[in-house]
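Student: Kindly generate the corresponding structure for this input.
(one chain, ligands or ions: 1)
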Amino acid sequence: MIADLPEPLADALRERTLRRLTLSERRPGTTSPLVKVQVRPIELQGETAWQFTLHEPQKALHENLAPAPALRRLAQLLHDTFRQVHWSTGSEDSSARPPRQPGQTWQLHRTPRRSPAPPTAETAHNRPKNYLLPEGVPCPFLHEMGVMNPQGQVHRPMMAKFRQINRFLELVRDVLRELPADRPLRVIDFGCGKSYLTFALHHLLTHIENRPAQITGLDLKPDVIAHCQGVAQRLHCAGLDFQVGSIAGFTATEPVDLVVSLHACDTATDDALVQALRWEARVILAVPCCQHELAPQLTNPALEPLLRHGLARERLGTLVTDALRALVLEREGYTTQMVEFIDLEHTPKNVLLRAVRRPRQPPDLTATRHRELLAYRECLGLPETHLERRLAETGLAP
Ligand SMILES: C[S@@+](CC[C@H](N)C(=O)[O-])C[C@H]1O[C@@H](n2cnc3c(N)ncnc32)[C@H](O)[C@@H]1O
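Tutor: A predicted model of the protein is given here:
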């Protein structure tokens with residue numbers, strides 16, 4: 001079907017230089033309801049795709065197509081419905097009309113642009129976002145960590161990570177007003193791993209928000225921590241340090257204001273929550289990961305049709321665990337929400353627990369939440385959880 005498109009248009013699609021395209025002039029006798037079609041590039045999961053906007057008299061529909069189906073769809077629309085196509089690339093504007101008779105060629109007009117069009121900023125699906133770290137603006141830590149090049153262009157395979165970093169920063173910025181403003185902030189990132197998000201946090205507080213902060217990244221893995229220390233030194237990140245250690249075993253010299261724990265494995269998230277509760281941290285941001293503790297223990301005869309499927313049991317176990325964590329945080333004096341961290345299409349580990357310490361716990365709320373917790377566990381056949389045991393050991397359980 002590519003042969004059914006004029007060659008320069010097929011090239012612009014293949015080479016991804018097409019900026020926009022319009023199909024118009026309905027063919028006489030066509031039965032299609034379409035009056036016009038527009039096409040623009042978008043980005044879906046780090047790949048270029050083409051968004052078709054199909055205009056009917058009263059409505060417009062969208063189709064997002066990968067490159068090969070997009071070529072076929074365009075050729076079909078030009079064959080059946082329209083007899084005029086206009087398109088633009090960075091260097092020229094063109095139009096074409098299909099051959100009237102078999103054997104004739106396309107009537108083609110090509111006009112070079114006087115000045116090249118600026119690079120399209122429209123490739124992000126649903127238009128560009130106002131990211132805190134925008135693409136196109138060089139950012140030393142993102143370059144150092146292999147997310148973007150020195151000119152600020154994001155490496156395509158790192159696009160999901162780039163979005164995750166920006167989403168995380170938005171979530172942090174939303175809670176900054178909850179944190180002390182009269183002294184440097186104390187922040188810990190438990191299970192920091194390669195520390196994309198720790199460096200991002202440092203960048204946000206230090207360079208964007210101008211909030212002095214002492215940030216510690218902690219992880220079990222010495223090699224990972226050595227790497228992070230090297231990056232922090234090369235980038236002269238004042239106020240950022242990395243330590244090897246376990247979350248449960250960590251002792252801070254002073255209470256921490258903001259506790260972050262992103263994708264720390266299984267009950268390591270609970271250890272992070274316990275530490276935060278001990279310090280009475282103002283804000284806790286936790287994205288739990290691989291919740292294995294409760295799933296095998298779930299028992300409820302009425303739920304047997306669900307629980308007998310391993311996959312369903314595992315997914316329910318994940319939600320049950322995180323809701324239980326939210327309930328414990330509520331009981332302990334935090335307004336707690338479960339929010340979407342990053343689109344489900346990128347990772348199923350996309351629930352963020354956002355907990356902000358209440359200035360005062362309303363009377364009876366602790367007792368009410370505790371009763372709810374006991375009833376919740378009983379209904380699901382669950383014994384006391386790791387989180388509750390650890391809280392009891394720390395002297396925090398009611
Ligand atoms: C999946 S990585 C996440 C890294 C980073 N937070 C992120 O979201 O990109 C989980 C990290 O948590 C660390 N970790 C797991 N359990 C831990 C514990 N009990 N104490 C300290 N670090 C832990 C692991 O070593 C690993 O580097």
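Student: Now do residue 375 against residue 42, distance only.
Tutor: Residue 375 sits 47 Å away from residue 42, going by CB to CB, to the nearest Å. All C-beta spots, glycine's among them, are computed from the backbone N, C-alpha and C.
Student: Same question for residue 250.
Tutor: Separation of residue 250 from residue 42 (CB to CB): 44 Å.
Student: got it, and residue 243?
Tutor: The spacing between residue 243 and residue 42, counted by CB to CB, is 42 Å.
Student: again with residue 101
Tutor: Distance from residue 101 to residue 42, counting by CB to CB: 36 Å.
Student: Same drill for these two, tell me which one is more crowded.
Tutor: residue 42 (19 against 5; other CB atoms under 10 Å).
Student: tell me which element the residue nearest the centre of the chain is part of?
Tutor: Against the mean C-alpha coordinate of the chain, by CA atoms, centre = their mean, the closest residue is residue 342 at 3.0 Å. For residue 342, there is no enclosing helix or strand under DSSP states H and E.
Student: For it, give me its contacts.
Tutor: Applying CB atoms under 8 Å, 6 or more residues apart in numbering, we find residue 342 in contact with 160, 163-164, 167, 350.
Student: tell me which element residue 83 falls in.
Tutor: Counting by DSSP H and E, residue 83 is part of strand 82-89.
Student: quick one: contacts of that strand?
Tutor: Contacts to strand 82-89, defined as CB under 8 Å, 6+ apart, come from residues 6, 9, 12, 17-27, 34, 37, 78, 93-98, 113, 117.
Student: Out of the residues you listed, list just those in helices.
Tutor: If you go by DSSP state H, the contacts of strand 82-89 have 9, 12, 78 in helices.
Student: Any chance you could list what contacts the helix or strand harbouring residue 171?
Tutor: Assigned by DSSP H and E, residue 171 belongs to helix 159-175. With contact meaning CB under 8 Å, 6+ apart, helix 159-175 is reached by 43, 45-46, 129, 131-133, 135, 142, 147-148, 154, 196-197, 200-201, 204, 209, 258, 262, 283, 285, 339, 341-342, 346, 352, 354, 356.
Student: What of stretch 311-326?
Tutor: For stretch 311-326, contacts defined as CB under 8 Å, 6+ apart pick out 269-270, 273, 286, 288, 291-296, 298, 303, 306-307, 336-338, 351, 353, 355, 373, 376-377, 380, 382, 385, 387.
Student: so how many other residues sit close to residue 163?
Tutor: Neighbour count for residue 163, taken as other CB under 10 Å: 18.
Student: and what of residue 276?
Tutor: Residue 276 has 29 neighbours, counted by other CB under 10 Å.
Student: Quick one: the helices in this protein, in order.
Tutor: Using DSSP H, the helices of the chain run over 7-14, 67-80, 140-144, 159-175, 196-203, 222-234, 268-279, 304-307, 310-331, 365-379, 386-393.
Student: Next, format those helices as TSV and append distance to residue 87.
Tutor: TSV is the format used below for the helices of the chain (distance: least, CB to CB, whole Å):
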stretch	distance to residue 87
helix 7-14	6
helix 67-80	10
helix 140-144	34
helix 159-175	25
helix 196-203	38
helix 222-234	44
helix 268-279	51
helix 304-307	51
helix 310-331	45
helix 365-379	58
helix 386-393	58
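Student: who's in contact with the closest residue to residue 60 other than its chain neighbours?
Tutor: Once flanking residues are discounted, residue 60 sits nearest to residue 53: 5.4 Å by CB to CB, 6 or more residues apart in numbering. Residue 53 is in contact with 37-40, 60-62, counting by CB under 8 Å, 6+ apart.
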